[in-house]
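[1] Predicted model and sequence follow; I will ask about them next.
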Amino acid sequence: MDDRPLTIDNHPSSIVHGLSSPALEITDLTGIATLQDSGRRGWNKFGVPTSGPMDWFAYQTANSLLNNPSNSAVIELGLGEITFRALRNTTIAVTGAGYEVENYIWTFPLWTTFYVRAGWTVRVKKTSGGNWAYIAIAGGFDSPVIMNSRSAYLRGGIGSALKAGDVLPAFTPSADLLKLAARDFPVNKFMPYSQTPTIEVIPAPQADWFTPEGIRTFYESEYTLSPSFDRMGYRLQTLSSPSSAKGIEKAITKELISEGMTMGSIQIPADGQPIVMMADAPTAGGYPKIANVARASLPLLAQCEAGLSRIRFRETNIEEAQENYKKL
């Protein structure tokens, strides 16, 4: 098969339709797990976040490995473990970082597909090296379509967190289950997940609100992820920099009128420590933005671990960021 994941189609007409039937029953769950598709597009003007996966690359690859429609819903598992029982024969793919998979009596690495016989138990176990795992099923999971998307947005009451006892239906697979099994994806050729990533960023509209020293501090500092992170945003903590004691210095201190934000926007609040907006980011905000994470780097940042990862930023431009994205 082609090494590269399929391109995500965000058009509402690409919502999966067809027959579905019960496929998995969750028997145990820790952490947070929700159903996510490629996101809720076109509703930002009404204050509704895009949502969708924290790690778009892992999400996209999981569906590609199973020949699913590219915006099919998957289970996004964060900072915990999940165990489920197959209610029918199926094939599953698990991608992401920081997990491993136990299927019946075998253990599988991530970025692979495996056949699951009805009655077998599958457990996705937390290890180290990441935050999020993506569990895709042949055919894609079925759930209510709200505003053209199956993505849960818990803060807004759209969808709900998964829990033990939930039975998840799935659509009819597009290919023979055994032909979809035993596939793998050479993830390191495309997405170099690391505990020491260099995140590429494009200067944001308020970059000139910061002093030259503040800009230098931002790019020369090393950060880690605060334990208080969630799907809305990643609050970073400075580990070391020539002027880390006072944070990122502003040249303009007046308040900014709230304006639109996207996933990857890096805000600098009064304490001078960056906050990166993530999948459930609000649609508008009033802190000045120093930069925006390039799309190709978002998966690397999403999988950084609180207190363990060492994060640095590197300035790029739109043209270079687009070329790097095209390589994925």
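    Sure thing, it's come through. Numbers count the residues shown, from 1 in each chain.
[2] what residue ranges in the chain score low on pLDDT?
    Along the chain, segments meeting pLDDT under 70 span 1-17, 240-245.
[3] Sheet-wise, list the partners of the biggest strand by length in it with their directions.
    Longest strand in the chain by number of residues, with DSSP state E as the criterion: strand 20-29. Using DSSP bridges, strand 20-29 pairs in its sheet with strand 82-86 (antiparallel), strand 167-171 (antiparallel).
[4] Could you pull out the helices in the stretch 101-250 of the chain for me?
    177-180, 212-220 (DSSP state H, counting those that start in this stretch).
[5] which one of those lies closest to Trp111?
    Checking the helices of the stretch 101-250 of the chain against Trp111 by CB to CB gives helix 177-180 as the closest, at 14.4 Å. Just so you know, the C-beta spots here come from the backbone N, C-alpha and C atoms, and that holds for glycine as well.
[6] how much space between Leu66 and Phe114?
    Going from Leu66 to Phe114 by CB to CB, to the nearest Å gives 11 Å.
[7] neighbour count winner among these two?
    Neighbours per residue (other CB atoms under 10 Å) separate Leu66 from Phe114, with Leu66 holding more: 26 against 20.
[8] ok, that one to Gly247 distance?
    Taken as CB to CB, the span from Leu66 to Gly247 is 45 Å.
[9] what's the answer for Ala118, then?
    56 Å.
[10] Which of the two has more residues huddled nearby?
    Taking other CB under 10 Å, Ala118 and Gly247 do not tie; Gly247 has more neighbours (20 against 11).
[11] out of everything not next to it in sequence, what's closest to the more buried one?
    Spatially, and ignoring its direct neighbours in sequence, Gly247 is nearest to Gly272 (1.8 Å; CB to CB, 6 or more residues apart in numbering).
[12] ok, the one you found - how many residues close by?
    19.
[13] from what I can see it touches Lys246, true?
    Yes - with contact defined as CB atoms under 8 Å, Gly272 reaches Lys246; the gap is 6.4 Å.
[14] Which residues are in contact with the spatially most central residue of the chain?
    Nearest to the mean C-alpha position of the chain, counting by CA atoms, centre = their mean, stands Met54 at 1.6 Å. Contacts for Met54 were tallied using CB atoms under 8 Å, 6 or more residues apart in numbering; they are Glu76, Gly78, Asn131, Trp132, Arg231, Met278, Ala279, Ala302.
[15] if you set the cut-off to 10 Å instead, what comes out?
    Neighbouring residues of Met54 by CB atoms under 10 Å, 6 or more residues apart in numbering: 36, 76, 78, 96, 131-132, 134, 230-231, 234, 263, 278-280, 298-299, 301-303.
[16] ok, Gly272 touching Thr238?
    Yes - the pair Gly272 and Thr238 qualifies as a contact (CB atoms under 10 Å) at a distance of 8.3 Å.
[17] Same question for stretch 206-224: list its buried residues.
    Residues of stretch 206-224 classed as buried: 206-207, 209-210, 214-218, 221-224 (neighbour count, 16 or more other CB atoms under 10 Å).
[18] Output the residues you listed as CSV; include the columns distance to Phe185.
    Shown next, in CSV, are the buried residues of stretch 206-224 (distance: CB to CB, whole Å):
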residue, distance to Phe185
Gln206, 38
Ala207, 36
Trp209, 41
Phe210, 40
Gly214, 40
Ile215, 38
Arg216, 39
Thr217, 38
Phe218, 34
Ser221, 34
Glu222, 30
Tyr223, 29
Thr224, 28
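[19] just those residues now: which is nearest Asn103?
    Once CB to CB is applied, the member of the buried residues of stretch 206-224 that ends up nearest Asn103 is Thr224, at 33.6 Å.
[20] OK, contacts around that closest one?
    Thr224 neighbours (CB under 10 Å, 6+ apart): 195, 236-239, 304-311.
[21] change it to 6 Å
    If you count contacts by CB atoms under 6 Å, 6 or more residues apart in numbering, Thr224 has them with Gln237, Leu239, Gly307, Ser309.
[22] Who is it paired with across the strands?
    In beta-bridge terms (that is, DSSP bridges), Thr224 pairs with Gln237.
[23] measure it to Ala133 for me?
    Counting by CB to CB, the gap from Thr224 to Ala133 is 21 Å.
[24] could you pull out the strands for the stretch 151-300 of the chain?
    167-171, 198-203, 222-225, 233-240, 259-260, 265-267, 275-277, 284-285, 289-293 (DSSP state E, counting those that start in this stretch).
[25] Dump those to TSV, plus distance to Glu319.
    Formatted as TSV, those follow (distance: least, CB to CB, whole Å):
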stretch	distance to Glu319
strand 167-171	39
strand 198-203	10
strand 222-225	26
strand 233-240	26
strand 259-260	23
strand 265-267	20
strand 275-277	22
strand 284-285	27
strand 289-293	15
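[26] For Thr83, find the nearest of these.
    strand 167-171 (13.1 Å).
[27] Report the buried residues of the closest one.
    Buried residues in strand 167-171 (16+ other CB under 10 Å): Leu168, Pro169, Ala170, Phe171.
[28] Export only the CA atoms of it, formatted as CSV.
    Output in CSV follows, covering the C-alpha atoms of strand 167-171 (Å, rounded to 0.1, in the frame of the first residue of the first chain):
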residue,chain,number,x,y,z
VAL,A,167,-21.3,-0.4,23.0
LEU,A,168,-19.9,1.2,19.9
PRO,A,169,-21.4,0.5,16.5
ALA,A,170,-19.3,0.5,13.3
PHE,A,171,-20.1,0.6,9.6
